[in-house]
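*Asks:* Need coordinates for the following:
(chains A and B)
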Amino acid sequence: MVTQGARSTKEGGERSDVSGSSRRRRQAVIPYLFLAPFLILFATFLILPLAYALVISVFADRLVGGNVFVGFENYTQALGDPAFWDGVRRMIYFGIFQVPVMLGLALVFALLLDSGAAWFTTVFRLGFFIPYAVPSVVAALIWGYLYGPTFGPFSQIADYLGLQAPAFLSDAWMLPSIANIVTWEFTGYNMIIMYAALQAVPREVRDARAVDGAKPWQIALYIRIPLIFPAILLTGVFSIIGTFQLFNEPRILQASAPGVITNGYTPNLYAYSLAFVNQEYNYSAAVSFALGAVVVVFSYVFMLVTNRREVGA
Amino acid sequence: MASVSAGGGGSSSKILSSRVVVTGFLLVFLTYSLLPLFYLIVSATKDGSSLFSSFGLWFSSFDLFANLQAVFTYDGGVFVNWLLNTPYYSVISAVGAAFAATIAGYSFAKFRFRGRTLLFAVILGAIMVPPTALVIPTYLLLSKVALINTPFAVILPSLISPFGVYLIRVYAEQSVPDDLLDAARVDGAGEFRVFWSVALRVLAPGFVTVLLLSFVTSWNNYFLPLVVLNDPNLYPLTVGLASWNDLASGGGGAQNLYPLVITGALVSILPIIVSFLFLQRYWQGGLTFGSLKD
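*Replies:* Predicted coordinates:
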């Protein structure tokens, strides 16, 4: 692909010999001109904010002396901050359960829909995907009402049956309740990624073993899953990143359960509260970077582990 | 997954029964996927008192129109602003992001230039940067140039789609033949003409996919507008609805806001669900992460 690109440029250059070297020079500028709109925005709204956050994270506001350079002090503070680690630990706990359940379901659905083992596959594919179209804010609002201890339908049904519904918004249940919202939102999305990857595999390859009398689950396990392994890996990495970034759902549920969802409930909520409740922008930036480091470490470990398994298989 | 393995037997009755089991299993999850939306529709038809007193999953009083009227007139009709702001921010963000990403991705795919590999590696790395990590420094920077509390504060940061650049690059490498571009060049077209009237036509499905991805990201965005806007008239739907919900949950007699939050939520998701159903072909295309083909 790279060589093709090279060939077309070269030929373009040769053909323009008529007007000589100025034309060729203009040709050399073209790729950068095409990149310019994106790169200018990229530099302004991605590189610059990141660099800025990095800079302010090594400063601190002091009563005496004002804004002073403090080196890694904010980072050492973050590393020793129980509120930060509580959030990180909660997200790890969350991810260990939620991510495998969501991706497992997504994979099973993708395999079932791709193999045509059911009726109305289009209806299911669309139906499963619809929650992804619902903004996470709205999803959290709806589920927040569904979880309601008095007028939520689950409590109503439990009452009717003479049972006690779990207190979804209590301290003990909050994390599973949020996990359920996230699963509801993203299972269909991940399913579509895996399904699309399955569909991209040529028919002959997919059906190769079917003739040999292999059982469908064997075909799934030994042929179809390895074929879409890169797609599964990608959903895994995106889910890990998404888990550590959790913000919208807990922020919305905070309105109905302020005692349960504290300002440090998730690391992102913590960074937000530090910045906009406490006005500690410098420390907030350091917390964000510390979180970024945690995300990188976990994504990297995940890739390492899954890659080894892939080689072993 | 006993049902799946049961299908391997080959006898037609076995296949039929496995189909019934699989379809039934999928129906359970379909119910789970659609139940909250059904609840939303049902609840949007109830007034404040039957919302709390009647069974949540079935209709009781029918006050949908009264609720709609309340949604659209509450607080001087601020919801109308939210309803207009959201597509305003999302459409501009999506069109801008899709154009910038398409022309950049095309450049990466079809030209060779100094710094190409490095630039692309940086952009790929940026896909992994959590967007929320950028919100706070973006807020601080925007306040330095007095752009806080303006539509620009929401739109400008939403114009970058590193993933879109990646997607278009892969798509262009696979689907835009060099011969086609060369033919246009022979005809004397400049590089911009070649891109605009030849390449872009082939890239259209990829472009639409990036457009949709950026559109939904922007439509659903909450953190960024929450931080950079404080005038309720500028809010998008997500921030506006959340602010009503905060008021309703906060007590102080604002409980009558619950029907408004619910009905407003329903109104806010309708356009995007409809667009999903109509454009789902492009969705699926985009989510193959570059292995698109048609």
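*Asks:* Would you mind listing where the stretch 101-250 of chain A has pLDDT under the threshold?
*Replies:* Counting by pLDDT under 70, the stretch 101-250 of chain A contains low-confidence ranges at A:205-212.
*Asks:* Could you tell me how many residues sit around whichever residue of the stretch 51-200 of chain A sits closest to chain B?
*Replies:* At 3.2 Å from chain B, residue A:153 is the closest residue in the stretch 51-200 of chain A, using CB to the nearest CB. Every C-beta, even on glycine, is put in place using the N, C-alpha and C of the backbone. Using other CB atoms under 10 Å in any protein chain shown, residue A:153 is surrounded by 20 other residues.
*Asks:* ok, it touching residue A:147?
*Replies:* No: counting by CB atoms under 8 Å, residue A:153 stays clear of residue A:147, with 9.7 Å between them.
*Asks:* neighbours around residue 47, how many?
*Replies:* Defaulting to chain A. 14.
*Asks:* hmm, I had chain B in mind actually
*Replies:* As a burial measure, residue B:47 scores 18 neighbours (other CB under 10 Å).
*Asks:* can you pull the contacts of the residue of the stretch 51-200 of chain A closest to chain B?
*Replies:* A:146, B:39, B:55-57 (CB atoms under 8 Å, 6 or more residues apart in numbering or on different chains).
*Asks:* Taking those residues, tell me the two that lie furthest apart.
*Replies:* Using CB to CB, the contacts of residue A:153 span at most 12.7 Å, a distance reached by A:146 and B:55.
*Asks:* Have a look at these two and say which one is more surrounded.
*Replies:* Neighbour count, other CB under 10 Å: between residue A:146 and residue B:55, residue A:146 has more, with 23 against 14.
*Asks:* Can you tell me how far the residue nearest to that one when sequence neighbours are not counted is from residue A:199?
*Replies:* Spatially, and ignoring its direct neighbours in sequence, residue A:146 is nearest to residue A:152 (5.3 Å; CB to CB, 6 or more residues apart in numbering or on different chains). Taking CB to CB, to the nearest Å as the measure, residue A:152 and residue A:199 are separated by 39 Å.
*Asks:* Tell me which of these two has more neighbours.
*Replies:* The neighbour comparison of residue A:152 against residue A:199 (other CB under 10 Å) goes to residue A:152, with 20 against 17.
*Asks:* now residue A:270: how far from residue A:224?
*Replies:* Look at residue A:270 and residue A:224: by CB to CB, they are 41 Å apart.
*Asks:* just residue A:293 next, same as before
*Replies:* 36 Å.
*Asks:* Residue in chain B with the shortest distance to chain A?
*Replies:* Scanning chain B for proximity to chain A using CB to the nearest CB identifies residue B:56 as nearest, at 3.2 Å.
*Asks:* quick one, domains of chain B?
*Replies:* Using automatic domain parsing, the domains assigned to chain B come out as B:2-34, B:74-286.
*Asks:* Any buried residues in the helix or strand encompassing residue B:23, and which?
*Replies:* Element membership for residue B:23 (DSSP states H and E) is helix B:12-44. Under the neighbour-count criterion of 16 or more other CB atoms under 10 Å in any protein chain shown, helix B:12-44 has B:18-19, B:21-23, B:25-27, B:29-30, B:32-33, B:36-37, B:39-40, B:42-44 buried.
*Asks:* What's the local residue count around the closest residue to residue A:283 other than its chain neighbours?
*Replies:* Of all residues not flanking residue A:283 in the chain, residue A:74 sits nearest, at 5.2 Å (CB to CB, 6+ apart). Residues near residue A:74, counting by other CB under 10 Å, number 24.
*Asks:* Can you dump the C-alpha atoms of the helix or strand containing residue A:74 in CSV for me?
*Replies:* Using DSSP H and E, residue A:74 maps to helix A:73-79. Only the C-alpha atoms of helix A:73-79 are listed here, as CSV (Å, rounded to 0.1, in the frame of the first residue of the first chain):
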residue,chain,number,x,y,z
GLU,A,73,5.2,16.9,44.3
ASN,A,74,1.6,16.8,42.9
TYR,A,75,2.4,13.3,41.6
THR,A,76,3.8,12.0,44.8
GLN,A,77,0.7,13.5,46.5
ALA,A,78,-1.6,11.6,44.0
LEU,A,79,0.3,8.4,44.5
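*Asks:* neighbouring contacts of it?
*Replies:* Helix A:73-79 is contacted by residues A:57-58, A:60, A:84, A:282-283, A:285-287, A:289-290 when judged by CB under 8 Å, 6+ apart.
*Asks:* residues in contact with residue B:102?
*Replies:* B:164, B:168, B:200, B:203, B:206-207, B:210.
*Asks:* do the same with residue B:233
*Replies:* Contacts of residue B:233 by CB under 8 Å, 6+ apart are B:78, B:81.
*Asks:* okay, it: pLDDT?
*Replies:* For residue B:233, the pLDDT comes out at 96.
*Asks:* Equivalent analysis for residue B:212, please.
*Replies:* Residue B:212 carries a pLDDT value of 85.
*Asks:* quick one, helices of the stretch 51-200 of chain B?
*Replies:* With helices called from DSSP state H, counting those that start in this stretch, the stretch 51-200 of chain B shows them at B:64-110, B:116-127, B:131-144, B:151-155, B:162-175, B:178-186, B:191-193, B:200-220.
*Asks:* can you list contacts of the fourth one?
*Replies:* When you say that, I think you mean helix B:151-155. Identification of contacts with helix B:151-155 by CB under 8 Å, 6+ apart yields B:85, B:88-89, B:92-93, B:96, B:142, B:147, B:221, B:224-225, B:228-229, B:234, B:236.
*Asks:* What of the second one?
*Replies:* Outside helix B:116-127, the residues that touch it by CB under 8 Å, 6+ apart are A:31, A:35, A:39, A:42, A:46, B:108, B:162-163, B:165-166, B:169.
*Asks:* Please repeat the previous calculation with a cut-off of 10 Å.
*Replies:* Applying CB atoms under 10 Å, 6 or more residues apart in numbering or on different chains, the set of residues contacting helix B:116-127 from outside is A:2, A:5, A:31-32, A:35, A:38-39, A:42, A:46-47, A:50, A:237-238, A:241, B:101, B:104-105, B:107-108, B:113, B:115, B:134, B:160-166, B:169.
*Asks:* out of the residues you listed, which are buried?
*Replies:* Among these, the ones that count as buried by 16+ other CB under 10 Å are A:5, A:31, A:35, A:38-39, A:42, A:46, A:50, A:237-238, A:241, B:101, B:104-105, B:107-108, B:113, B:134, B:160-166, B:169.
*Asks:* buried sites along the longest helix seen in chain A?
*Replies:* Counting residues, the longest helix in chain A under DSSP state H turns out to be helix A:82-115. Across helix A:82-115, burial judged by 16+ other CB under 10 Å covers A:83-88, A:90-91, A:94-95, A:98-99, A:102-103, A:105-115.
*Asks:* Can you tell me which of the helices of the stretch 51-200 of chain B is most buried?
*Replies:* By mean neighbour count, with neighbours taken as mean count of other CB atoms under 10 Å in any protein chain shown, helix B:162-175 ranks first of these at a mean of 23.
*Asks:* That one packs against which elements?
*Replies:* The elements that helix B:162-175 packs onto, with contact taken as 3 or more CB pairs under 10 Å, 6 or more residues apart in numbering or on different chains; DSSP states H and E, are helix A:2-15, helix A:21-42, helix B:64-110, helix B:116-127, helix B:200-220, helix B:280-286.
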